[in-house]
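A predicted structure for the sequence below; I have some questions about it.
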Amino acid sequence: MSINTGAIMFLPALLCDSRLYSHAISRFSADAKVIVPNISQGENLSAMAADILKSAPARFALVGNSMGGYLALEIAAQAGDRVSHLALVGTNAHADLPEAREKRQQAIRLAEGGKFEQFVDSYVEGALAPHHRTEFAQVVHTMARGLGADALIRQQKAIMARVDHMALLTEIDMPSLVMFGREDGLSNRNHQEEMAKRLRRGRFYEVPECGHLVPLEAPEQFSAALHALLQA
């Protein structure tokens, strides 16, 4: 069956680029315009969302993994009427708690202190399911190195400054999907389920044997679930 959107915007996770969504891009590019913005340059999600919306199609499906999900929610807050479908993957609608902010400050200190690779090593360990590290660690390292330490600093500052969007979820009224990798070491399953419940037309989908970067680790399942969403 055909999908009910003419454009899909994929927003990458922290230190990731379009390679995170390689499988999905290949699958959907024949049926829709595929857009993958560079989200490594700004330190403010609100301003980043506004800039993205300036050149985005009048209406589009929106997909965000991790940091991309934070930005997707900000885009929905600014222009929800332009979003036809919403997929949130391993993300969080809350503002950062103090302990999360401290971890991000630690990441910034590592990057500023010339220990970017040390952070990336720990990020890979937390983001990928243990049995996926051998297969996917290299591509995550490659994406991270391509963006670099300065991008990490900017992204962490943007994430720390984000607002709480839990109340927004109850106002979002388009077909929506919350995806969660069962072995995700960076996200909370209960929070993912709560987000899906708050969304007016939300559905929760758990991917077994998968970590934080679902589009990379479970590409077939990710694309199939997204295809089902886009048929709504």
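Arrived safely, thanks for sending. Numbers count the residues shown, from 1 in each chain.

center of this structure - which residue?
Nearest residue to the geometric centre of the chain (Cα atoms, centre = their mean): Asn65, 1.7 Å.

OK, contacts around it?
Counting by Cβ atoms under 8 Å, 6 or more residues apart in numbering, Asn65 makes contact with 11-13, 16, 20, 89-91, 212-215. The way it works is simple: take the backbone N, C-alpha and C, and place the C-beta from them, glycine included.

So which of these are in helices?
Applying DSSP state H to these, the entries found in helices are 214-215.

Determine which two of the contacts of Asn65 are furthest apart.
Greatest spatial distance in the contacts of Asn65: Leu11 and His212, 14.6 Å, computed using Cβ to Cβ.

More neighbours: these two, which one.
The neighbour count for Leu11 versus His212, taken as other Cβ atoms under 10 Å, is higher for Leu11 (30 against 25).

Wait, the more buried one touches Phe60, no?
No. Between Leu11 and Phe60 there is no contact under Cβ atoms under 8 Å: 11.3 Å.

Can you show me the helices along this protein?
Secondary structure of the chain (DSSP H): helices at 22-28, 45-55, 67-79, 98-112, 116-127, 133-160, 166-169, 189-198, 214-217, 219-230.

Now render those as a markdown table, adding mean neighbour count and mean pLDDT.
Output for those, formatted as a markdown table (neighbours: other Cβ atoms under 10 Å; pLDDT from 0 to 100):
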| stretch | mean neighbour count | mean pLDDT |
| --- | --- | --- |
| helix 22-28 | 18 | 98 |
| helix 45-55 | 16 | 98 |
| helix 67-79 | 24 | 98 |
| helix 98-112 | 15 | 97 |
| helix 116-127 | 18 | 97 |
| helix 133-160 | 18 | 98 |
| helix 166-169 | 16 | 98 |
| helix 189-198 | 17 | 97 |
| helix 214-217 | 26 | 98 |
| helix 219-230 | 19 | 98 |
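
in this structure, what residue sits furthest out from the centroid?
Most distant from the centre of the chain: Gly113, at 26.9 Å, with distances by Cα atoms, centre = their mean.

For Leu14, see how far away it is.
19 Å (Cβ to Cβ, to the nearest Å).

Equivalent analysis for Tyr21, please.
Counting by Cβ to Cβ, the gap from Tyr21 to Leu14 is 14 Å.

What of Val89?
From Val89 across to Leu14, the span is 13 Å (Cβ to Cβ).

One more: Leu169?
For Leu169, the distance to Leu14 equals 22 Å [Cβ to Cβ].

out of the helices of the chain, which comes closest to Ile35?
Taking Cβ to Cβ, helix 45-55 is the member of those nearest to Ile35, at 8.6 Å.

could you give the angle of that closest one to helix 67-79?
Angle, helix 45-55 to helix 67-79, by axes from the mean of the first three to the mean of the last three Cα atoms, to 10 degrees: 70 degrees.

Can you name every helix or strand that helix 45-55 contacts?
Here helix 45-55 touches helix 67-79, helix 133-160, going by 3 or more Cβ pairs under 8 Å, 6 or more residues apart in numbering; DSSP states H and E.
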